[in-house]
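Peer 1: structure for this input, please:
(2 chains)
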Protein chains: 2
Amino acid sequence: MALVIYNTLSRKKEEFTPLQPDRVHMYVCGPTVYAHAHIGHAKSYISFDVIVRYLRYQGFRVKYVQNITDVGHLTDDADEGEDKILKRAREEKLDPMEIAEHFAWSYFDDMRDLRVLRANIFPRATGHITEQLDLIQKLLERDYAYEVNGNVYFDVSKFKNYGKLSGRKVDELEAGARVELNLEKRHPADFALWKIADASHLMRWNSPWGEGYPGWHIECSAMSMKYLGETFDIHGGGLDNIFPHHECEIAQSEAATGKPFARYWLHNNMVTLNGSKMSKSQGNFVTIKDALKKYSASTVRFFILSSHYRSRLDISDEALEAAQTGVDKLLTTIRNLKKALHKAKKLKEFKEPFDPAAYNKKFDTMMDDDFNTPRAIAVLFDLSKETNSYLNSGAELDSSFLEALDLIFQKTAGNVLGLIPDDLMDEKSLDSQGELEKVIQVVIDLRNILREQKHFELADQLRDGLARVGITLIDKSDGTQFEFKSD
Amino acid sequence: MALVIYNTLSRKKEEFTPLQPDRVHMYVCGPTVYAHAHIGHAKSYISFDVIVRYLRYQGFRVKYVQNITDVGHLTDDADEGEDKILKRAREEKLDPMEIAEHFAWSYFDDMRDLRVLRANIFPRATGHITEQLDLIQKLLERDYAYEVNGNVYFDVSKFKNYGKLSGRKVDELEAGARVELNLEKRHPADFALWKIADASHLMRWNSPWGEGYPGWHIECSAMSMKYLGETFDIHGGGLDNIFPHHECEIAQSEAATGKPFARYWLHNNMVTLNGSKMSKSQGNFVTIKDALKKYSASTVRFFILSSHYRSRLDISDEALEAAQTGVDKLLTTIRNLKKALHKAKKLKEFKEPFDPAAYNKKFDTMMDDDFNTPRAIAVLFDLSKETNSYLNSGAELDSSFLEALDLIFQKTAGNVLGLIPDDLMDEKSLDSQGELEKVIQVVIDLRNILREQKHFELADQLRDGLARVGITLIDKSDGTQFEFKSD
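Peer 2: Below you'll find the model as predicted:
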């Protein structure tokens, strides 16, 4: 089965073939670090996290680069408006770099809490000024850019393929309402590569055109090509980055190198709140930190992965509670499977009641179809149902079969989707699950003694005591089990 | 009482007066990220962590900048030898930036695990190439530097104060064995600001002198002055950085600006293992990760803070075990204090058995004397002894008095020294200490019922069961308490 990916560039699903066999070079547009990240960011970075995890699961060595924008995007789509980081720095009377550092850490902490794996390199825009200057210089030399009063612009009329990603045409852009009039530009759709800093501008660097700062788009071209090469496999980002950001990245990069830039363009859809797009600048958002106060990482990931990365997702407490119920069901199966595994033995004669590998294969098939996580999750629920039937069948359980089942859950729900909390992530970890479980076992053992000695009232007091602190004892034919909240 | 700091520059203790009232601008040389950090690094960064924490406790607003060296120091003290990060990158066949990113995260994780607070800005050397180029350009313009074949050197003969930090004289250096012969240099003590990259050099940037990379020392001058100003309050680092690194920093910075650079120079002493200096490049080291497998963060911090930052510290299992005993004693007092506080009431008539504020004042006096943490810890042990006597006195306990005691421990052992684990860091946290404590309380309650009903054997079984999982019940006149391992 071949992995097929929807490529925004061709507007169709294509078989995925990386440039170098078994290696994937991948770049995703990271956050602008001037505020705490919201659930819209969670959808983007969890989606690409699962894509990276799935590629690695399929044996690819992935070099994953995600930038940190610490010299702020401007506040609107045109090249105008106030830099977001500088705005915040002025409000809080801090060095802009303190703002950027603070919110970069906030972002990294959120990603850790959501079990999003770290990228291999997190390059920062301010950390690559020389690389950006070199690229601008190259564009000037190749006559794709021009300088006016210390500002350098990209000349879209010179780049024939401008619009190939977004489908927009330069002529239409001319009439567009969002393109502001700037008398320095030769064409209204031209965009800034370098801007001259006025006296009040706090973040500024020397350049051949005077002290200034880079335009919105140039950092991603400079940093992706530095670490991944002039042509690389995957470029990801949010749908709203297609135009102008990614269109401009392609123009800058391909004009400078004469080679194709990214080969597969992947775009995740947005999260809506009360029907409209979640957005920091619009004030319509739920932060990741707030969501994680009420819901576990497993729940938030399940919520996001229950819809396709290219679909819109509407957030509400109802939807998150449904996700919690769903993921708890799955995790309870995995926990029960692990408990059964503790007691099970290898049986001499055993016939598998169903074929676990078939489920693994179905999971892969769904993921191979443009990373269809909702359908992959549905496969896991089918497997969970089969597993529960077997565990509750009353038959003597075979340890090898349970291990095979456990391994599939670990690989799919765990390694690929990141739904399984660390304490359930492998067999060893169950042993070190900590003092709590050992203490509960002490209580269970004593309760059994009390019951044997017919001190039923005392035994019930123990059970009720545990119930008051959120732990339920469940008496089964093969012994007493306990349950507490997952994650 | 005034804070007094030993200044390496003057070789004496000086009263500390920052440039701006109530604000401190402070820079500390951070790690070169090509391997996991060792206990020598822990001593350095825990020492400066406590200095920053104490300054903040004293009401200063501290802007703390610590660099990350991600374009490697050379492997020896001269300007020769192989770049450490490039060496590792070649060995592992990875992008040098992947190596740097990987070990930067390793360092940040270690610091988090050691409860070292994050700096306000962690600038990276590769992220400040333009700033370094600007500074080199300035030194060339002011005739403190010269270029030969694309290499730029600092001319020590032009800077009269060279040697003012380390006490070394240029004439003596000429005869020194460690200064290698380089025919490009006008004087053997001249040092590189920029080096031309040969074809095989992986990390390289454009410059007015061709493609190359910065010398060992220039990054710290460029980054400290960028974020803290041309003159700032405190510059810290290890003793072995005094020469040549800090001496060169002073030369570069003061030659470029004509102003004094850092005002107070603080240097921490080294950690020895089997009598010789712990060092990555010598292969004589214990990593922080390995130490934290055996000992808690509280133990490692206590071990390091039990000696003065300017004293040598020899590491051994005996010393760490002694530290563990010491810190456990202190934490047990704090834990017992918090438990007593849960039950205590505000008494109508109460005479304080001793004056808690006097201990707080003594603690401050010790810390004001060049951050004398061993003597400050001794004060906490005196307070701990007094606290225990009071708790065990049999008298009815006054909640306000207990609160006052608790607050002092929180501020001194907690906020300043960072010895208290999070779960003991405030009153609220005790309530959320989690299910384990609640379950143990269920067990204690049942044991009391069993004993009342004279089921002594069952009661003992419960106690023994807990003991087997590492929890000790202690029967006291006012009820049963429990203990488990700290941290």
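Peer 1: so which residue of the stretch 101-250 of chain A comes closest to chain B?
Peer 2: residue A:127 (2.8 Å; Cβ to the nearest Cβ). All C-beta atoms are positioned from the backbone trio N, CA, C, and that covers glycine.
Peer 1: so what's the residue count around that residue?
Peer 2: Look at residue A:127: counted by other Cβ atoms under 10 Å in any protein chain shown, it has 23 neighbours.
Peer 1: so it is in contact with residue B:125, correct?
Peer 2: No: assessed by Cβ atoms under 8 Å, residue A:127 is found out of contact with residue B:125, at 9.5 Å.
Peer 1: and the helix ranked longest in chain A, what does it pack onto?
Peer 2: For chain A, the helix with the greatest residue count under DSSP state H is helix A:317-343. Secondary-structure packing of helix A:317-343 (3 or more Cβ pairs under 8 Å, 6 or more residues apart in numbering or on different chains; DSSP states H and E): helix A:297-305, helix A:373-391, helix A:399-409, helix A:427-431, strand A:479-483.
Peer 1: and the following helix or strand past the first one, how far from the chain's centre?
Peer 2: Counting by DSSP states H and E, the element after helix A:297-305 in chain order, helix or strand, is strand A:313-315. Averaged C-alpha coordinates place strand A:313-315 at 16 Å from its chain's average position (Cα atoms, centre = their mean, to the nearest Å).
Peer 1: hmm, who's touching strand A:313-315?
Peer 2: With Cβ atoms under 8 Å, 6 or more residues apart in numbering or on different chains as the test, strand A:313-315 has contacts from A:39, A:43, A:269-273, A:275, A:278, A:286, A:303-304, A:307.
Peer 1: quick one: strands adjacent to it?
Peer 2: With DSSP bridges as the test, strand A:313-315 is paired with strand A:271-273 (parallel).
Peer 1: next one: the strand it pairs with to chain centre, how far?
Peer 2: 16 Å.
Peer 1: kindly report the same for stretch A:292-305.
Peer 2: The answer for stretch A:292-305 is 12 Å, by Cα atoms, centre = their mean.
Peer 1: any buried residues in it, and which?
Peer 2: Going by neighbour count (16 or more other Cβ atoms under 10 Å in any protein chain shown), the buried part of stretch A:292-305 is A:292, A:295-305.
Peer 1: go on, stretch A:236-252?
Peer 2: Quick answer for stretch A:236-252 (16+ other Cβ under 10 Å): A:236-238, A:241-252.
Peer 1: and for stretch A:441-458?
Peer 2: Quick answer for stretch A:441-458 (16+ other Cβ under 10 Å): A:442-444, A:446-447, A:450-451, A:455, A:458.
Peer 1: what residue in the stretch 251-400 of chain A comes nearest to chain B?
Peer 2: For the stretch 251-400 of chain A, Cβ to the nearest Cβ, closest residue to chain B: residue A:293, 12.8 Å.
Peer 1: wait, a helix at that residue?
Peer 2: Yes: with the criterion set as DSSP: H, G, I helix; E, B strand; the rest coil, the secondary structure at residue A:293 is a helix.
Peer 1: residues in contact with it?
Peer 2: Contacts of residue A:293 by Cβ under 8 Å, 6+ apart: none found.
Peer 1: next: residue A:340.
Peer 2: A:391, A:397, A:402.
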